[in-house]
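Engineer: show me how the following folds:
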Amino acid sequence: MKSGSAADLPVALAAQLRASDAALRQGDRARGLQLARAAMQAAPGHPDVMRHLAAALAAQGPSAEALALIERALQSRPRDPAMLTTQAMVLEANGHREAALRAFRRASELAPHSASYSYNLGRALSNAGNNDTSLNELERALQLDAGHRAAAALRAEVLRRLGRIDAAIEQYRDLLRRQPADVRVWSAMAALNRDCFDDGDLAAMQRIEAAPGLGIEEKVRIAFALARAFAAHGRYADAFASCVRANSLARSKLPWNARAFSAQVDAVLAAFAKPIEQPQTQLGSEMIFIVSLPRSGSTLIEQIFAAHREVDAGDERMDLFNVLAEEGQRHKLPLARWAPHATAADWQRLGHAYLERSRRWRGSGTRATDKLPANWLWLGAALAMLPGARVIDCRRDLLETAWSCFSHLFAGGAQEFSYDFDSIAAYARDYERALAHWQAQYPQRIRTQSYEALLADPETQTRELLAFCGLDFDPACLDFHAAQRSVRTASAAQVREPLRRDTARTVKYGALLDPLRQVLGLPAFRPQ
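Structural biologist: The predicted structure is shown next:
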C-alpha cells in the first residue's frame, strides 16, 4: 500500500477530491460518491483517496465498504487527525457511537491547537448527551478561533439544553451582531419560547422575509420566528398570518398522506386485536414509557420523574422502534404482518433486546423513562415485550395542542402531519383511538395524565403519577424545574421554570382559529 500524503497526488486528482468534498457539503451525495470512485480508479492504494471515498460512502448511510476503506487508510497514517475524523464519521454512520467518540477525541488530542477538531469532538459529545463536557470542548474551540460560527451556534444549543437560557440568548445575539441576516439564528432564538424580541428585531426579521432570493427553508424559518415575535408583542392577527405562511411553505416541501397513515394505524390495531398473553413476569418493570401528541406536556412529565431520586430520564429514544424494525427486517415483513404470529418467547426475546439496548443510557435508578411521543403506535408491542412496564398517556386541551403544533417549527422536518389543520385533526383522531384501544387492553398499565389537572393541583397529581409507577413520593418532584439534566426538546426552557397556570394561548387568537376548531369538532369561538 502506498503511504503518500495528499501532496503526492497529481493536481487534477487532488482537484477531483476537492470537488467530491464540495458536492457532499452541498448535499449532492451521488455526485460526491461518483467523483470519489473515479479518483479511486486512478489511485486505488492512496490513503487520501481511500479516505475521501470512505467519507462519500458514509454520507449515503451505513457502509461496510467505508469501514474497510478507512481502516486500510489508517494503517499508513494512524496519527493523522483528518484520517481519524473520517474514521469517526464512518463509525457514526454505522451506528458505532462510542468508537466514533473515541476517534474524535483522539483526533483532537493529536491536533490540540485546531478549533475544528475541538468542535468535532464537542459535536459528538453533544450528540451523545454529554452536554457539560461538550460545552467545555466548544468553549475551547472558540478560544482557539473566536470566529468559529458552527461552534458558537452549537454552544448556544447546548446552553439551551442545560437550561442556561439567558446565556444561550447572549450567544445568539453575538452571532447576529456578526451576521444580522442569519435566518437559522433567528429561528433558534424563537424556539427558546422566551419573549426576547424587541421592535428592532421584528423590523429586521420582516426585512429578511421580504428580501429577494430567500430559499423555501429560510422563508419557513423566518416566518415561524416572526409568528413567535408577533405573538409576544400581542399582534395575534399578524402572528396567525405568519403561521399560515410558514406552514403553507413547509407543507409544499413536506407532504403528508393522512389517509395512508390512518391505514397504518388500522393495520397495527388489527394485529393487536387482543392483548398478548404473557407468563407472570415483571420483565421491564423498570421502564416508564411516556407517550403523547407533540406539545402535550410530555417533557414536563419526564422532568417531574427526573427529579425523583430513583428515576433516570432517558429523553426521546429510538430503541423500541429499532428493536421492532430489526425484527421486521428479519421477517421481511412490517410489524402488522409478523406480530400476530409472534410467540410469547419471541416477545420475551424482544423485551430483553430492548433492555439491553437501553442499558447504555439507563443509570442506577430503579426506574427509567423513555419519552419518544410516537411510541404510542407501538404500545401493544411494547407491553407484550415488557409486561412490567408502565405507560403515561399525556393529554392537553386539544385546541391548545393542535395550535401549538401548527405554530411550532419542529427540528429536522419532524412531525410532518403538523403543517395543515386537516392533517393535525386526523393525526389527533388516530392517536385518540389507538390509546383507547390500548387502554381497553391494558387498563392497569396505562395512566392518562391531564396537563390541566397537573397545573391545577400539582401535588395530588404528582403523588398519583408516582404511585402508579410504584414510586414513593419525593418532594423534589414538586421542584422539578431544579432537576439538573439536559433537555433536548423544544420545551427545554419551560421545564426549567415552576408551573404556571396561564399557559393557554388560543383564546388570544379568538375567531381566527375557528377553522381549526371546526376540523377538531369543537364549537366556534364565543367572546367572553
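Engineer: distance between stretch 216-228 and the chain's centre?
Structural biologist: 19 Å (CA atoms, centre = their mean, to the nearest Å).
Engineer: typo on my end, it should be stretch 511-527
Structural biologist: On CA atoms, centre = their mean, the centre of stretch 511-527 falls 31 Å from the chain's centre.
Engineer: please apply the same query to stretch 228-241.
Structural biologist: 27 Å.
Engineer: quick one: neighbours of residue 230, just the number.
Structural biologist: 22 (other CB atoms under 10 Å). C-beta coordinates here come from the backbone N, C-alpha and C atoms, glycine included.
Engineer: cool, residue 296 as well?
Structural biologist: Considering only other CB under 10 Å, residue 296 is surrounded by 25 other residues.
Engineer: can I assume residue 288 sits in a helix?
Structural biologist: No - read with DSSP: H, G, I helix; E, B strand; the rest coil, residue 288 is strand and lies in no helix.
Engineer: pretty sure it contacts residue 370?
Structural biologist: Yes - with contact taken as CB atoms under 8 Å, residue 288 and residue 370 are classed as touching, separated by 7.2 Å.
Engineer: now residue 296: how far from residue 428?
Structural biologist: The gap separating residue 296 from residue 428 is 10 Å, by CB to CB, to the nearest Å.
Engineer: residues that sit against both of these two, list them.
Structural biologist: Common neighbours of residue 296 and residue 428, using CB atoms under 8 Å, 6 or more residues apart in numbering, are residue 401.
Engineer: for the protein, what spans make up the strands?
Structural biologist: Taking DSSP state E as the test, the strands found in the chain are 287-292, 311-313, 367-370, 390-395, 446-450.
Engineer: and the longest helix belonging to the chain, how far from the chain's centre?
Structural biologist: With DSSP state H setting the assignment, residue counts place helix 421-441 as the longest helix in the chain. Relative to its chain's centre, helix 421-441 lies at 22 Å (CA atoms, centre = their mean).
Engineer: okay, angle between that helix and strand 446-450 too, please.
Structural biologist: Counting by axes from the mean of the first three to the mean of the last three CA atoms, to 10 degrees, helix 421-441 points 140 degrees away from the direction of strand 446-450.
Engineer: residue 522 contacts residue 398, doesn't it?
Structural biologist: Yes - using CB under 8 Å, residue 522 is in contact with residue 398, at 7.1 Å.
Engineer: list the contacts of the longest helix of the chain.
Structural biologist: 256, 258, 261-262, 265, 268-269, 272, 274-275, 291, 293, 376-377, 379-380, 383, 391, 393, 398, 401-402, 405-406, 417-418, 446, 448, 515-516, 519-521.
Engineer: make it 6 Å
Structural biologist: Residues from elsewhere that reach helix 421-441 (CB atoms under 6 Å, 6 or more residues apart in numbering): 256, 258, 262, 265, 269, 275, 293, 376, 379, 393, 402, 405, 417-418, 446, 515-516, 519-520.
Engineer: so which bits of it are buried?
Structural biologist: Within helix 421-441, the residues that count as buried by 16 or more other CB atoms under 10 Å are 421, 423-431, 434-435, 437-439, 441.
Engineer: then stretch 322-339?
Structural biologist: Applying 16+ other CB under 10 Å to stretch 322-339 flags 323-324, 327-328, 335-336, 338-339 as buried.
Engineer: need the max-distance pair from those residues.
Structural biologist: The largest distance within the buried residues of stretch 322-339, taken as CB to CB, falls between 323 and 336 and amounts to 16.0 Å.
Engineer: what residue ranges in this structure score low on pLDDT?
Structural biologist: Applying pLDDT under 70 to the chain flags residues 1-7, 482-502.
Engineer: residue ranges of each domain in it, please.
Structural biologist: Following automatic domain parsing, one finds the domains of the chain at 6-189, 283-502.
Engineer: mind putting those domains into JSON lines with distance to residue 198?
Structural biologist: Output for the domains of the chain, formatted as JSON lines (distance: least, CB to CB, whole Å):
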{"stretch": "domain 6-189", "distance to residue 198": "11"}
{"stretch": "domain 283-502", "distance to residue 198": "18"}
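Engineer: select, out of those, the one closest to residue 227.
Structural biologist: Residue 227 sits nearest to domain 283-502 of all the domains of the chain, at 6.0 Å, using CB to CB.
Engineer: how close does the nearest residue to residue 364 once chain neighbours are set aside sit to residue 366?
Structural biologist: In space, and not counting its chain neighbours, residue 364 is closest to residue 312: 7.7 Å by CB to CB, 6 or more residues apart in numbering. Going from residue 312 to residue 366 by CB to CB gives 9 Å.
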